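Engineer: Give me the fold of what follows.
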Amino acid sequence: MKRKWIDALWVMGVLLMAGFCLSACNRELDVQTVFPFEVSTMPVPKQIKQGETVEVRCTLVSEGDFSGTRYTMRFFQTEGKGVLRIGRRVALKPNDRYPVDKGDFRLYYTSQSKERQSLEIVFEDNHGQSQTIVLDFNHKESDEDKEREAGYRTRPLQ
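Structural biologist: Numbers count the residues shown, from 1 in each chain. Prediction:
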């Protein structure tokens with residue numbers, strides 16, 4: 001009889017312990033689908049001539065990997081005038097979204113003005129996270145500009 005009581009207490013203790021341990025669990029699987037990401041660029045020139053193209057080497061890295069994550073980019077030209085391309089594709093339109101893959105990719109910016117130029121490039125994922133990169137370029141005078149300017153200075157007054 002004593003043995004049955006000990007066995008019963010032991011079974012109840014095991015059941016209580018199991019109930020205590022399993023009560024914190026829920027039936028939902030905790031799957032992380034949103035991971036922080038970062039876009040980095042190699043250094044770019046600070047000066048650019050009108051008509052000159054600058055390559056911007058970019059890398060998009062995520063802390064995790066979820067197959068449903070998609071990345072896009074869009075840009076805003078806040079100063080000056082120029083053309084931005086992803087790879088060798090056609091020119092991008094400001095504020096339109098363009099798909100970007102994780103890893104390395106190239107942007108090409110071609111100056112179309114003789115003034116300071118500034119671009120904001122916004123990278124976003126489909127989970128609402130974003131990162132902004134700002135590119136600033138000062139106008140660099142070409143040799144023709146320098147010669148023309150020097151010619152104006154040395155012309156005799158009439």
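
Engineer: And the strands in this protein?
Structural biologist: For the chain, the strands defined by DSSP state E cover 37-41, 47-48, 53-62, 71-79, 82-86, 98-100, 103-111, 117-125, 130-139.

Engineer: Show me what the first one is packed up against.
Structural biologist: Same thing as strand 37-41. Strand 37-41 makes packing contacts with strand 53-62, strand 117-125, strand 130-139 when contacts are defined by 3 or more CB pairs under 8 Å, 6 or more residues apart in numbering; DSSP states H and E. (Each C-beta comes from the backbone N, C-alpha and C, glycine too.)

Engineer: ok, it: who's next to it in the sheet?
Structural biologist: As defined by DSSP bridges, the strand partners of strand 37-41 come to strand 53-62 (antiparallel).

Engineer: where does the strand it pairs with sit relative to the chain's centre, distance-wise?
Structural biologist: How far strand 53-62 lies from its chain's middle: 9 Å, per CA atoms, centre = their mean, to the nearest Å.

Engineer: what's the model's confidence in that strand, averaged?
Structural biologist: Regarding strand 53-62, the rounded mean pLDDT is 94.
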